[in-house]
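**Student:** build the 3D model from these lines:
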Amino acid sequence: MRLIIRFMKPYWGLFAATAILMFADVVGALIIPTFAADLLNASASHASFAILLTTGLKMGLAALLAGVCAVAGGWCCSQLTSRIGKDMRVALYAKSLELSIYDFRNFGTASITTRTINDIVNIQMAMTNVIGILLPVPVIFVVAFVLSFRLDMTLSLWLLVAIAFVCTVAFFIMRTASPLFRRLQKLLDRIGTVLLENLTGVRVIRAFSKEQHEQKRMNATFAEYADTSIKANLLFANLDGLSYFGINAFIVVVYCLAGGRISVEGFQIGDITAIIEYAVLALFYLMMAQMVIITLPRALECCERVRLVLDHTPQISDPAPNNAVDMTEKGPLPDGEVLAFRDVSFRFADAQENALNHVSFSCKKGQTTAIIGGTGSGKSTIAMLAMRFHDASWGKVMFDGVDVRDMTQHDLRKRIAYVQQQAWLFSGSIADNLRYGDRHADEQSLRHALQVAQADEFVNTLPDGLNSRVAQGGTNFSGGQKQRLSIARALVGDAQIIIFDDSFSALDFKTDAALRHALVQEMQSRAVLIIAQRVSTIQHADQIVVLSDGSVAGIGTHDELMAGCAVYREIVDSQTKEQQS
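**Tutor:** Numbering: from 1, shown residues only. From the prediction side, this is the model:
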């Protein structure tokens, strides 16, 4: 509830207008039976046409005003819930951008997507129903009871009995429904996860002929969701049937008690009609309110899931504004050092051993530093720490002489260009993707970046050139083309250091060599950090850092390491034998 209030604060005026219009609609709807009773009684007593006309006009005016208020209230309610839903999605998306990789892994990408789309839709629907149906219920009860009590006290008491019966039924059904709706939301997360795995891994599924296995897994997930949904729908059916029973039972009681009193006590037939109308309206709104209430556990669960994300403290956070170092006022270091690791050790939160142990090295402007090592040696973890996707467990990662934890993440990352191994392109055009590096870059800068990245040749052959369409994830390009476009994207802009995280792996040896040759001139004013597995990619680097089981096994040039580092020689020898075979 606090989440709803938080997002409703900017729209209190709109909420008040919606509530007033909804209440006016309800009051108008309840006044209409009173006029109908007067009209029926007047007609039965052979009143004059003028009285009938006046009463009919009053009834028509009340109906018109109620209709206008209903339409206006519905419009205001739609505006209110849509704006709150939009604000929630914006806040949830903004929060997701603050989450670390570890946070995303805990929540799950599919779960974040479900919370942003499905959960907020459920919250919006619940708000619409609460404002339009649930809030007017107390007013309906009070007005309906007062108006019916004015006509007959005995029948009014029976109306209270019918209301109490329906409320009791709703209470017990709600207790059963709450855990079902919580389970439904968890099953939706599970469905999202399984669908995401199957859609993104469809090639692997087909390659291993696992279509039937995955089909069974999907069927089991869908069946569990369907069974739970059926149980929830059965509760709705029971509530619906019992509520209708309560309404019709009250109507029978009214006819039985009031029928004999018409001629004996002078009870008028119009009064019977009015009381029945009051009861039908009150019990109808109560029945609708019960259906709203029975879905509230689901909406509340959705609110809680959204709140958990919005209130989550990210594992990686910026320093307080007053404590953050202003890098714009800081000049470059005299020795040109851009990035440095000072005795850095790192352990993942759910791991038993360190991924890195006492790692120390530095990257200087105009120089190329390379990281090489076996699988699981911690190479990519170096990039994650440099970008501050993780924080060092011990030691310091320094950028331009400043601990990265003393900088804002935005300030740090705008000075670093990062090219990951699994190249990712966004839907749009090639130019749109390249301008992720610098949104103000002109066409000449884009073409220069493509030329250095050895991507200009295939881009120029496309019918639309830079404006050629890019599918989501770049699926309409080969792996090597995607890597070259990702490299070109990193070259656009004015980053102080470019990190290549095994981003030459999909390139053939000829393209790899041409790219490295072109980068030599391009990188004179920048530092370069290359993480690679192929020795041919990094053997001409100014310094090579060799990792083994998370520790530095050696630092030096190719020749120095060949002479003094057994781990490096072993890597070179194994790759040489592989090429020869």
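**Student:** so Ala495: helix, strand or coil?
**Tutor:** coil (DSSP: H, G, I helix; E, B strand; the rest coil).
**Student:** residues touching it, list them.
**Tutor:** 414-417, 437, 526 (Cβ atoms under 8 Å, 6 or more residues apart in numbering). In this view, the C-beta of every residue, glycine as well, is placed from N, C-alpha and C.
**Student:** remind me which residues of the stretch 201-350 of the chain are low pLDDT?
**Tutor:** Residues of the stretch 201-350 of the chain that meet the criterion pLDDT under 70 lie in 257-271, 294, 329-335.
**Student:** strands of that one, residue ranges please.
**Tutor:** Secondary structure of the stretch 201-350 of the chain, counting by DSSP state E, counting those that start in this stretch: strands at 337-346.
**Student:** quick one, helices of it?
**Tutor:** 202-207, 211-259, 261-264, 269-310 (DSSP state H, counting those that start in this stretch).
**Student:** can you tell me which of the contacts of Ala495 are buried?
**Tutor:** Taking 16 or more other Cβ atoms under 10 Å as the criterion, what is buried in the contacts of Ala495 is 415-417, 437, 526.
**Student:** just the ones of these in strands?
**Tutor:** Among these, the members found in strands (DSSP state E) are 416-417.
**Student:** which one of the helices of the stretch 201-350 of the chain lies closest to Ile101?
**Tutor:** Closest to Ile101 of those, according to Cβ to Cβ: helix 269-310, at 15.4 Å.
**Student:** for the residue most central in space within the chain, what are its contacts?
**Tutor:** The centre of the chain sits closest to Thr116, judged by Cα atoms, centre = their mean, with a distance of 2.9 Å. By Cβ under 8 Å, 6+ apart, Thr116 lies in contact with 89, 92-93, 96.
**Student:** so which of the helices of the stretch 201-350 of the chain is nearest Pro138?
**Tutor:** Judged by Cβ to Cβ, the one of these that comes nearest to Pro138 is helix 269-310, at 9.8 Å.
**Student:** show me what the closest one is packed against.
**Tutor:** helix 2-8, helix 12-44, helix 49-98, helix 120-129, helix 137-151, helix 153-200, helix 211-259 (3 or more Cβ pairs under 8 Å, 6 or more residues apart in numbering; DSSP states H and E).
**Student:** can we see that at 6 Å?
**Tutor:** In terms of contacts (3 or more Cβ pairs under 6 Å, 6 or more residues apart in numbering; DSSP states H and E), helix 269-310 is packed against helix 12-44, helix 49-98, helix 120-129, helix 137-151, helix 153-200, helix 211-259.
**Student:** the closest residue to Thr193 other than its chain neighbours: what's it in contact with?
**Tutor:** Excluding its sequence neighbours, the residue lying closest to Thr193 (Cβ to Cβ, 6 or more residues apart in numbering) is Ala110, at 4.2 Å. Ala110 is in contact with 192-193, 196, counting by Cβ atoms under 6 Å, 6 or more residues apart in numbering.
**Student:** quick revisit: out of the contacts of Ala495, flag the one nearest to Ser548.
**Tutor:** Within the contacts of Ala495, proximity to Ser548 (Cβ to Cβ) peaks at Ile416, which comes in at 26.0 Å.
**Student:** now that closest one: how far from Asp406?
**Tutor:** Per Cβ to Cβ, to the nearest Å, Ile416 is found 16 Å from Asp406.
**Student:** about what we covered before: can the helices and strands packed on helix 269-310 go into JSON lines with extra columns for mean neighbour count and distance to Asp464?
**Tutor:** Output for these, formatted as JSON lines (neighbours: other Cβ atoms under 10 Å; distance: least, Cβ to Cβ, whole Å):
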{"stretch": "helix 12-44", "mean neighbour count": "18", "distance to Asp464": "46"}
{"stretch": "helix 49-98", "mean neighbour count": "16", "distance to Asp464": "30"}
{"stretch": "helix 120-129", "mean neighbour count": "20", "distance to Asp464": "37"}
{"stretch": "helix 137-151", "mean neighbour count": "18", "distance to Asp464": "59"}
{"stretch": "helix 153-200", "mean neighbour count": "16", "distance to Asp464": "28"}
{"stretch": "helix 211-259", "mean neighbour count": "14", "distance to Asp464": "36"}
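**Student:** which of these sits closest to Gly474?
**Tutor:** Across the helices and strands packed on helix 269-310, Gly474 has its closest neighbour in helix 153-200 (13.7 Å, Cβ to Cβ).
**Student:** so Lys58 is in contact with Thr34, correct?
**Tutor:** No - in this structure, Lys58 is not within contact of Thr34 by Cβ atoms under 6 Å, at 9.4 Å.
**Student:** ok so, going back, any chance of the contacts of Thr116 in JSON lines, plus distance to Phe171 and pLDDT?
**Tutor:** Formatted as JSON lines, the contacts of Thr116 follow (distance: Cβ to Cβ, whole Å; pLDDT from 0 to 100):
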{"residue": "Arg89", "distance to Phe171": "34", "pLDDT": "93"}
{"residue": "Leu92", "distance to Phe171": "33", "pLDDT": "91"}
{"residue": "Tyr93", "distance to Phe171": "38", "pLDDT": "90"}
{"residue": "Ser96", "distance to Phe171": "38", "pLDDT": "87"}
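**Student:** which of those residues lies closest to Asp25?
**Tutor:** Ranked by distance to Asp25 (Cβ to Cβ), those are led by Arg89 at 29.6 Å.
**Student:** tell me what the helix or strand where Ser574 lies is packed against?
**Tutor:** Taking DSSP states H and E as the definition, one finds Ser574 inside helix 566-580. Counting by 3+ Cβ pairs under 6 Å, 6+ apart, the packing neighbours recorded for helix 566-580 are strand 543-548.
**Student:** just name the shakiest helix or strand of this structure by mean pLDDT.
**Tutor:** Least confident helix or strand, the chain: helix 261-264 with a mean of 54, by mean pLDDT, DSSP states H and E.
**Student:** would CSV of the helices of the stretch 201-350 of the chain with distance to Arg6 be doable?
**Tutor:** Formatted as CSV, those follow (distance: least, Cβ to Cβ, whole Å):
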stretch, distance to Arg6
helix 202-207, 40
helix 211-259, 29
helix 261-264, 55
helix 269-310, 9
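**Student:** right, so of the ones you listed, which gets closest to Ser82?
**Tutor:** Taking Cβ to Cβ, helix 269-310 is the member of the helices of the stretch 201-350 of the chain nearest to Ser82, at 16.1 Å.
**Student:** separation between the nearest residue to Arg217 once chain neighbours are set aside and Ala340?
**Tutor:** Of all residues not flanking Arg217 in the chain, Val194 sits nearest, at 6.5 Å (Cβ to Cβ, 6+ apart). Distance of Val194 to Ala340, given as Cβ to Cβ: 44 Å.
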